[in-house]
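Undergrad: Show me how the following folds:
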Amino acid sequence: MASGPEREAGAERAGPTDIADPLIRTEARKAFVWIGMAALLALAVFLSQSLLVIFGGIVFGALIDGGARVIRKVLRLPRGLCVVLVLLLAMLFLLWVARFAGSQIALQAAELPATIESQFRHGLSWLHAHGIQPRITDLRSVAQEAVGGISQVTRVVGGLIGVFTTLFLILVLGIYFALEPRLYRRGVGWMLPIDRRDHFESTVAIMGQALRRLLFGRLIGMTVEGLFTWAMLQFYGVPMAALLGLITGLLAFLPNIGAPISGMIMILVGFSGGYEMGLYTIIVYVLIHLIDGYLIVPMIARKTVDLPPALVLAAQLIMGVLFGLLGLALADPLVAMIKIWLEREADRNGVPSPGDPVDAAA
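TA: Numbering: from 1, shown residues only. Model (predicted):
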C-alpha cells in the first residue's frame, strides 16, 4: 500500500480534466458555454409546447391580476380574497350565460352548418349561371386538403396532454401566478446575476402593466363588438343574432384574423335571408371593422405596446402553424412582451430604440 506522502503526491497530480495552458483553458470554457447554449436551445425547442402553456398561464394570471387590482382599489380587501372574487364573478357570468342564453345559442349553433352549406350551394349556382364551372372533384379535393391541414394543426395543439388538459393547466397556472406573483418573480430574479436583478424587476413590472392593459383592452373590444353585433343583427331580424354576436366577440381576441372570419360567417348567414339582409350584414361588418380599427385598437396601442399590424399577423401565422389555436391566441401578447424586453435591453445598453428620435448631428 502507498504511504501517506505518496498518496498526497498522487492527489496533487494533474487529472484528465486539468488544462495547464491558460489560453486553452479559456477557449475550453468558451466552448463549454456555446455547447451549453446550444443544449438549452435544443431543450427549449423540445419543450416549446410546455413553455407555451406556461406563458398561457402567465397571460391568464395577468388577466386575473388585473381584475383583482380593480376590486382591491374599490373594496380595499386582501389580495387573495380579491383573486377569489374575480374567479367567482367569472364563474357566475358563465353560469348566467349558460342559463339564459345557452339553449338559444345551442339551437342556433346546430342550424349554422346547414345555413353555411346552403349558402355555399347558392354560391356554386351563381357561378354556374355566370359561366364559371368549378368541378366538384376539385372542390372536394380542396376541402379534403383543408380538413387534413386542420386535423394536423389540431394534433399539434393537443400534443401529448390534449386540448382540454392544456386549457385546464393554463387555468391552474394562471390562478397560482395571480395568487403570488412576487414569489415567482423573485425566484426567477434570484437565478440572475446580482447586477441584473434590479433591471429584471423593472422590466417585469413594465411587462406586467402592459400585459394587463393589453388584455383589458381586448376584453373591452370583445364586449363592445359582440354586443354591437348582436344588437344590430337582432334589430334587423337576422337569424342567429345571438350566436353571431358571441362568435364575433370571441374572435375579436384574435386581431387581424378574427374579424374576417366572423364577418364571413355573418355575411353568409345574412344572405340566407335575402339580398337586402345580406347587404345589411355587410354594413354591420364594416361598422364593426371601423370601430375596431379606429377606436379600440388605437386605444389599446396608446396604453400598451404599439405593434405593427404586419408583425402581429406574421407572428400569428407562424405560431398558428406551429401550435395551432393556442399559438394563434398567444401570438399577440408574446410579441408585445418580446418587444418590451428588446427595448429595455436597448435602453440598458444605451442603444436608441426604433421609436426614439435620432440626433441629426449624428
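Undergrad: Would you enumerate the residues in contact with Phe177?
TA: 57-58, 60-62, 65, 184 (CB atoms under 8 Å, 6 or more residues apart in numbering). The way it works is simple: take the backbone N, C-alpha and C, and place the C-beta from them, glycine included.
Undergrad: quick one: it and Leu75, what's the gap?
TA: 22 Å (CB to CB, to the nearest Å).
Undergrad: For the contacts of Phe177, give me CSV that also has pLDDT, distance to Leu215 and neighbour count.
TA: Shown next, in CSV, are the contacts of Phe177 (pLDDT from 0 to 100; distance: CB to CB, whole Å; neighbours: other CB atoms under 10 Å):
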residue, pLDDT, distance to Leu215, neighbour count
Gly57, 91, 13, 20
Ile58, 91, 11, 24
Phe60, 91, 9, 20
Gly61, 91, 10, 25
Ala62, 90, 6, 25
Asp65, 90, 10, 24
Tyr184, 88, 18, 14
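Undergrad: Which members of those define the maximum pairwise distance?
TA: Phe60 and Tyr184 (13.9 Å; CB to CB).
Undergrad: got the contact list for Ala231?
TA: Gly245.
Undergrad: ugh, wrong one, I meant Leu179
TA: 79-80, 83.
Undergrad: and if you look at Tyr236?
TA: So Tyr236 contacts 277, 280 (CB under 8 Å, 6+ apart).
Undergrad: how close does it sit to Lys30?
TA: 70 Å.
Undergrad: for Leu23, same thing?
TA: 11 Å.
Undergrad: what does Ile58 give?
TA: 33 Å.
Undergrad: likewise Gly270?
TA: Distance from Gly270 to Lys30, by CB to CB: 65 Å.
Undergrad: Comparing the two, which shows the higher neighbour count?
TA: Set Gly270 next to Lys30 and count neighbours by other CB atoms under 10 Å: Gly270 wins out with 27 against 9.
Undergrad: Thought Met277 was touching the more buried one, still the case?
TA: Yes. With contact defined as CB atoms under 8 Å, Gly270 counts as touching Met277 (4.9 Å).
Undergrad: Common neighbours of those two, please.
TA: Between them, Gly270 and Met277 share the contacting residues Val238, judged by CB under 8 Å, 6+ apart.
Undergrad: correct me, but Gly208 touches Asp65?
TA: Yes. Judged on CB under 8 Å, Gly208 makes contact with Asp65 at a distance of 7.5 Å.
Undergrad: what is in contact with those two at once?
TA: In contact with both Gly208 and Asp65: Pro181, using CB under 8 Å, 6+ apart.
Undergrad: Quickly find the element holding Val172.
TA: helix 163-179 (DSSP states H and E).
Undergrad: so how far is the next helix or strand after that helix off the chain centroid?
TA: As assigned by DSSP H and E, the chain's next helix or strand after helix 163-179 is helix 181-190. Remark: helix 181-190 is offset 23 Å from the chain centroid, using CA atoms, centre = their mean, to the nearest Å.
Undergrad: got the angle between helix 181-190 and helix 163-179?
TA: Angle, helix 181-190 to helix 163-179, by axes from the mean of the first three to the mean of the last three CA atoms, to 10 degrees: 90 degrees.
Undergrad: Just name whatever secondary elements helix 181-190 is in contact with.
TA: helix 194-236 (3 or more CB pairs under 8 Å, 6 or more residues apart in numbering; DSSP states H and E).
Undergrad: Can you show me the CA trace of whichever helix or strand comes after the helix it packs on as PDB?
TA: Sequence order places helix 241-251 as the next helix or strand after helix 194-236, per DSSP H and E. This file holds the C-alpha atoms of helix 241-251, laid out as PDB (Å, rounded to 0.1, in the frame of the first residue of the first chain):
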ATOM      1  CA  ALA A 241     -78.100  37.100 -34.000                       C
ATOM      2  CA  ALA A 242     -77.000  35.900 -30.500                       C
ATOM      3  CA  LEU A 243     -74.700  33.200 -31.900                       C
ATOM      4  CA  LEU A 244     -73.100  35.600 -34.400                       C
ATOM      5  CA  GLY A 245     -72.600  38.200 -31.600                       C
ATOM      6  CA  LEU A 246     -70.900  35.600 -29.500                       C
ATOM      7  CA  ILE A 247     -68.700  34.400 -32.400                       C
ATOM      8  CA  THR A 248     -67.700  38.000 -33.200                       C
ATOM      9  CA  GLY A 249     -66.900  38.800 -29.600                       C
ATOM     10  CA  LEU A 250     -64.800  35.600 -29.100                       C
ATOM     11  CA  LEU A 251     -62.900  36.100 -32.400                       C
END
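Undergrad: got the buried residues for helix 241-251?
TA: 241-249, 251 (16 or more other CB atoms under 10 Å).
Undergrad: wait, which of the residues you listed is closest to Leu40?
TA: Taking these together and measuring to Leu40 by CB to CB, the closest member is Leu251, at 36.2 Å.
Undergrad: Pretty sure the closest one sits against Ala259.
TA: Yes. Counting by CB under 8 Å, Leu251 touches Ala259, with 7.0 Å between them.
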